[in-house]
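*Asks:* what's the 3D shape of this:
(chains A and B)
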Amino acid sequence: MNIIVCIKRVPATDSKIKVGADGRSIDPAGVDFVLNPYDEFAVEQALKTKEQLGAGQVTVVSLGSADAQKELRSCLAMGADAAVLLDDGGKPRDAHATASAVAAWLRTVPHDVVFCGKQAVDHDDSQFAGRLAALLGVPSVTEVVALELSDGTFRAERDIEGAREVVRCGTPCVISTQKGLNEPRSATLKGIMAAKKKPLETVAADVPAPGVEVVSLELPPERKEGRILGSVDELIAALRTEAKVL
Amino acid sequence: MSQFKAADFYQIDDLFTEEERMVRDTVRDWVTDNFLPVVEEHNRAGTFPMELVPALGELGVFGANLEGYGCAGMSSTANGLICQELERGDSGLRSFVSVQGSLCMFPIHSYGTEEQKQKWLPGMAAGKLIGCFGLTEADFGSNPSGMLTRIEDKGDHYLLNGSKYWITNGCIADLAIVSAKLDGVVRMIVVEKGTPGFSTNTIKNKFSLRASVTSELVFEDCKVPKENLLPGIEGLKGPLSCLNSARFGIAFGAVGAAMAVYDEALRYSQNRIMFDKPIGRFQLVQNKLVWMVNEITKGQLLAWRMGQLKDSDRLHHTHVSLAKRNNCWMALECCRLARDVLGANGITDEYQTMRHMCNLESVITYEGTHDIHGLIVGREITGLDAIM
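*Replies:* Prediction:
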């Protein structure tokens, strides 16, 4: 089985973000970048699927700049067989452009299943899996929390409002992974050494013009310092006259 | 507590390869997730977390710079960074790994026969066999050549008599690499647990390296098979080469301990309010923090350069002496300053600083004391020997 995992390099969630000089993107200086946490579940699921089958090839792919080679290498260290960097040439992208570029590349390689995180924690679009499946004309199952494969068919479980939904899906398909699906493995030192010898190919991506443009990026206003009041009367007065909620 | 933030004031990160950074980050995360939650309880109880040894083996930290036999085959610099991250957790953890890799696997790998390598190295790399290293004796620390432990050739076997002291992992080891004199010449011999005449005692009531096992090894007419002698080396240079490899790791490791306490003191200074201000607002506190980051930066650069020299085969043992001496000293000073910043809170084990401080009293002493390393460097620059 040819298993593809789409991954993204994102700022670590505990990074202190500053808006860049253009007012539309973040300033990368001093920011730690990591593999998107939801993509870790996708990589783990791909590796587990290959292990279950006892055969197959896991290829990780990321659309972005050469910086993403670090995250691709870390997936190779976890156990993926090959990696592809789709070089976006620094072009602006929206979710459609991203999915289109990846779909264009996927049409050139054999693939039975594509795993990806349910969302990237930078832009939080949650659009990629659905758009990719639509462009490829294949089914997609999103936010999967349990997955089994037998006789070439996936049985997936999803948490929906107040219930657990179970769906079946054949291949090829796109599956997006949710927290709880598995426990992503860590790279081992031998895995890191082995990763050096695995192929990491760079391919120029075909990125269409985006339909959505980021106009500005603003940080939320800083929270005001709290204040301790001396009595309930003072609190009520403040709620009336300052907060004007009473 | 929020995530540890590693001091990197001089963008020293850029000096390491991507692979070295990946190794470091992998071990850093492992220590955060698996070791830090249990270290204080083991430190209180005076025990080593043996339950983590299989995971350490799987991670690949044992003999990580050795080639083959299940070892990861990494650069020396990567191995140093592993030590840095382990000692960021606790000097006892780094000691465990240093003893296993540098003091036990390294001599088998360098001086052992193919049979000896096959017999012990894969199990040791996986953490299934634990090693200890017996060089120091109760009365022979800085002067190991005076050792009293003897090997006698009895024809079809060797007879070992004597004792070793201050031996990390002694009581929990499956095999001991023992230095002893055979016809007046220091040799290294492997003694397996359970060999008749070999016993161990735990050294109790330590203030330092509490999360690490320290022991005495006793050999009374201990019959050791002839095939257990490491044939590839004679003389004190055998054990000293092991120490040199371990000291390399210590020079990196001490930086890790210093980074841990600096991070703790820095955070505390930003959050602890006194006179209605965070104490980091006060000049005396800032001066302490600046001293720490200043010395840590120098220590990081020394360690990095030492790694470069080793990986290009230009490292002299006096380089290691200088780095081990400087970095242990600066880490201990950082602990003392950090404890000061933490005020009274710093004396409890809710904070890690005093644990690191107590540990470093051992680290600055073992594998060549601060003063002995000073004299080694002194001999190198003057050409005059002040040690003996």
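*Asks:* all contacts plus neighbour counts: C-alpha atoms, from now on.
*Replies:* OK.
*Asks:* from A:E40, how far off is the residue lying closest to B:L230 once chain neighbours are set aside?
*Replies:* Using Cα to Cα, 6 or more residues apart in numbering or on different chains and skipping the chain neighbours, the partner closest in space to B:L230 is B:G112 (4.9 Å). From B:G112 across to A:E40, the span is 42 Å (Cα to Cα, to the nearest Å).
*Asks:* phi first, then psi, for the residue nearest the centre of chain B.
*Replies:* What sits nearest the mean C-alpha location of chain B, by Cα atoms, centre = their mean, is B:S95, with 3.6 Å. The phi/psi pair for B:S95 (degrees, to the nearest 10) reads phi -60, psi -50.
*Asks:* residues in contact with it?
*Replies:* Applying Cα atoms under 8 Å, 6 or more residues apart in numbering or on different chains to B:S95 gives the contacts B:168, B:212.
*Asks:* please apply the same query to B:R325.
*Replies:* Remark: with contacts taken as Cα under 8 Å, 6+ apart, B:R325 is in contact with B:251, B:364, B:369-370, B:373-374.
*Asks:* closest to B:V61 out of those residues?
*Replies:* Comparing those against B:V61 with Cα to Cα picks out B:A251 as the nearest, at 16.9 Å.
*Asks:* how much space is there between the closest one and chain A?
*Replies:* B:A251 sits 21 Å away from chain A, taking Cα to the nearest Cα, to the nearest Å as the criterion.
*Asks:* touching, that residue and B:A323? I think so.
*Replies:* Yes. With contacts defined as Cα atoms under 8 Å, B:A251 counts as touching B:A323 at a distance of 5.6 Å.
*Asks:* give me the common contacts of these two.
*Replies:* Overlap between the contact sets of B:A251 and B:A323, as judged by Cα under 8 Å, 6+ apart, is given by B:A303.
*Asks:* okay, those two: which has more neighbours?
*Replies:* Ranked by neighbour count (other Cα atoms under 10 Å in any protein chain shown), B:A251 and B:A323 place B:A251 first, with 30 against 25.
*Asks:* quick one: residues contacting that one.
*Replies:* With contacts taken as Cα under 8 Å, 6+ apart, B:A251 has the following neighbours: B:303, B:320, B:323-325, B:327-328.
*Asks:* hmm, 7 Å instead?
*Replies:* With contacts defined as Cα atoms under 7 Å, 6 or more residues apart in numbering or on different chains, B:A251 is in contact with B:303, B:323-324, B:327-328.
*Asks:* make TSV out of those residues and add pLDDT.
*Replies:* As requested, those are exported to TSV (pLDDT from 0 to 100):
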residue	pLDDT
B:A303	98
B:A323	98
B:K324	98
B:N327	98
B:C328	98
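*Asks:* so which of these belong to helices?
*Replies:* Cross-referencing the contacts of B:A251 with the helices (criterion: DSSP state H) gives B:303, B:323-324, B:327-328 as the overlap.
*Asks:* closest to chain A out of those residues?
*Replies:* Nearest to chain A among these is B:A303, at 20.5 Å by Cα to the nearest Cα.
*Asks:* for that closest one, which non-adjacent residue is closest in space?
*Replies:* Ranked by Cα to Cα, 6+ apart and with sequence neighbours excluded, the top spatial neighbour of B:A303 is B:F252, at 5.6 Å.
*Asks:* please apply the same query to A:R155.
*Replies:* Leaving aside its sequence neighbours, A:R155 sits nearest to A:R168 (Cα to Cα, 6+ apart; 4.6 Å).
*Asks:* ok, which stretches of chain A are helices?
*Replies:* Along chain A, the stretches classed as helices by DSSP H are A:37-53, A:69-78, A:95-106, A:128-136, A:189-196, A:232-241.
*Asks:* any idea how far B:N79 is from the residue nearest to B:A303?
*Replies:* The gap separating B:F252 from B:N79 is 9 Å, by Cα to Cα.
*Asks:* again with B:L15
*Replies:* From B:L15 over to B:N79 the distance is 15 Å, taken as Cα to Cα.
*Asks:* ok, B:Y10 next?
*Replies:* Shown here: B:Y10 relative to B:N79, a distance of 21 Å by Cα to Cα.
*Asks:* what bits of chain B have low per-residue confidence?
*Replies:* Screening chain B residue by residue with the criterion pLDDT under 70, one finds the ranges B:1-2.
*Asks:* can you give me the domain assignment for it?
*Replies:* Using automatic domain parsing, the domain parsing of chain B gives B:12-125, B:131-228, B:237-382.
*Asks:* rewinding a little: which of the contacts of B:A251 tops the neighbour count?
*Replies:* With neighbours taken as other Cα under 10 Å, the top of the contacts of B:A251 is B:K324, carrying 33 neighbours.
*Asks:* hang on, isn't it packed against B:I250?
*Replies:* Yes. Between B:K324 and B:I250 a contact is recorded at 6.3 Å, counting by Cα atoms under 7 Å.
*Asks:* would you mark the buried spots in the helix or strand containing B:V186?
*Replies:* B:V186 belongs to strand B:185-192 when assigned by DSSP states H and E. Applying a neighbour-count criterion of 16 or more other Cα atoms under 10 Å in any protein chain shown, one finds B:186-192 buried in strand B:185-192.
*Asks:* enumerate the residues of the stretch 201-350 of chain B near chain A.
*Replies:* Counting by Cα under 7 Å from any Cα of the partner chain, none of the residues of the stretch 201-350 of chain B come close to chain A.
*Asks:* hey, where'd the helices end up in the stretch 201-350 of chain B?
*Replies:* With DSSP state H, counting those that start in this stretch, the ranges of helices along the stretch 201-350 of chain B come out as B:237-271, B:283-311, B:317-342.
*Asks:* in TSV, list those along with distance to B:M74.
*Replies:* As requested, those are exported to TSV (distance: least, Cα to Cα, whole Å):
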stretch	distance to B:M74
helix B:237-271	14
helix B:283-311	10
helix B:317-342	19
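*Asks:* contacts for the strand ranked longest in chain A next, please.
*Replies:* For chain A, the strand that runs over the most residues, judged by DSSP state E, is strand A:140-150. With contacts defined as Cα under 7 Å, 6+ apart, strand A:140-150 is touched by A:118, A:130, A:133, A:154-158, A:173-181.
*Asks:* hang on, B:I387 packs against B:H373?
*Replies:* No. B:I387 is beyond contact range of B:H373, at 9.8 Å (criterion: Cα under 7 Å).
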